[in-house]
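Participant: A structural model of the following input is requested.
(2 chains)
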Amino acid sequence: ETGVTQTPRHLVMGMTNKKSLKCEQHLGHNAMYWYKQSAKKPLELMFVYSLEERVENNSVPSRFSPECPNSSHLFLHLHTLQPEDSALYLCASSQVGQTSYGGYTFGSGTRLTVV
Amino acid sequence: EDKVVQSPLSLVVHEGDTVTLNCSYEVTNFRSLLWYKQEKKAPTFLFMLTSSGIEKKSGRLSSILDKKELSSILNITATQTGDSAIYLCAVAMNTGFQKLVFGTGTRLLVSP
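Facilitator: Now for the predicted structure:
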């Protein structure tokens, strides 16, 4: 399997549930990202892991908890979410230090609905 | 605060029309500007622009960056229904990791 794979594709959860989103990249990249995409808003950067260390955390509520056990895997643990957290959650990866390209490879996202 | 603004927010055209999508930015530590196409979920890479005035072209799509005006345009000629998508503009920053700041996107609908 190639590219960036996210599971599940769709998730419906209650406000008291605990769930996790998974992302796996097969590109040999050394940085991984979580973005949130809500309707009519720009993609919002949530977390960045570069060389398996968290290097950015954009004031995301503590009900979102990332985990990066190795350079190929990234998780987003969810608990006690609110309805406004319903969105498309996109994972991406890139190769830090590569001078010729500044962009990401994205996964297909997880469509999260909080009820 | 770093910001990327795209216009128009949405656009409906007929097949065969030519469209121009706009992107302007205000960021510190500019590295490059990127365009992505998002059809269903995963944004896919179209262009990366680093130098002013040099047009990048791929088939019916082309893009150019104006660093003086802090802006870029994406042109699509002879549009097809398959061009219907959200087009995202993003600016890459010169940080230790590759931080991208995105615009809200332009939703393009090409009608037959």
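Participant: three-state assignment of the nearest residue to residue B:67 once chain neighbours are set aside?
Facilitator: Nearest non-adjacent residue to residue B:67, counting by CB to CB, 6 or more residues apart in numbering or on different chains: residue B:52, 4.1 Å away. (Glycine included, C-beta is placed from N, CA and C.) Judged by DSSP: H, G, I helix; E, B strand; the rest coil, the three-state class of residue B:52 is coil.
Participant: Let me know the helix or strand that residue B:34 is in.
Facilitator: Assigned by DSSP states H and E, residue B:34 falls within strand B:30-38.
Participant: quick one: the helix or strand following that strand to strand B:30-38, angle?
Facilitator: The helix or strand immediately downstream of strand B:30-38 is strand B:44-49, counting by DSSP H and E. If you take axes from the mean of the first three to the mean of the last three CA atoms, to 10 degrees, strand B:44-49 sits at 150 degrees to strand B:30-38.
Participant: Just checking: what are the partner strands of strand B:44-49?
Facilitator: Sheet pairing of strand B:44-49 (DSSP bridges) gives strand B:30-38 (antiparallel).
Participant: residues in contact with the partner strand?
Facilitator: If you take CB atoms under 8 Å, 6 or more residues apart in numbering or on different chains as the criterion, strand B:30-38 is touched by A:102-103, A:106, B:23, B:25, B:43-50, B:63, B:65, B:67, B:72, B:74, B:85-94, B:100, B:105.
Participant: Take those and keep only those in strands.
Facilitator: Residues of the contacts of strand B:30-38 located in strands (DSSP state E): A:106, B:23, B:25, B:44-49, B:63, B:65, B:72, B:74, B:85-93, B:100.
Participant: Mind checking which of those residues are buried?
Facilitator: Buried members of these, counted by 16 or more other CB atoms under 10 Å in any protein chain shown: A:106, B:23, B:25, B:46-49, B:63, B:65, B:72, B:74, B:85-93, B:100.
Participant: Flag every residue of chain B that's near chain A.
Facilitator: For chain B, the contact set with chain A under CB under 8 Å from any CB of the partner chain comprises B:4, B:9, B:31-32, B:34, B:36, B:40-45, B:48, B:88, B:90, B:92, B:96-105.
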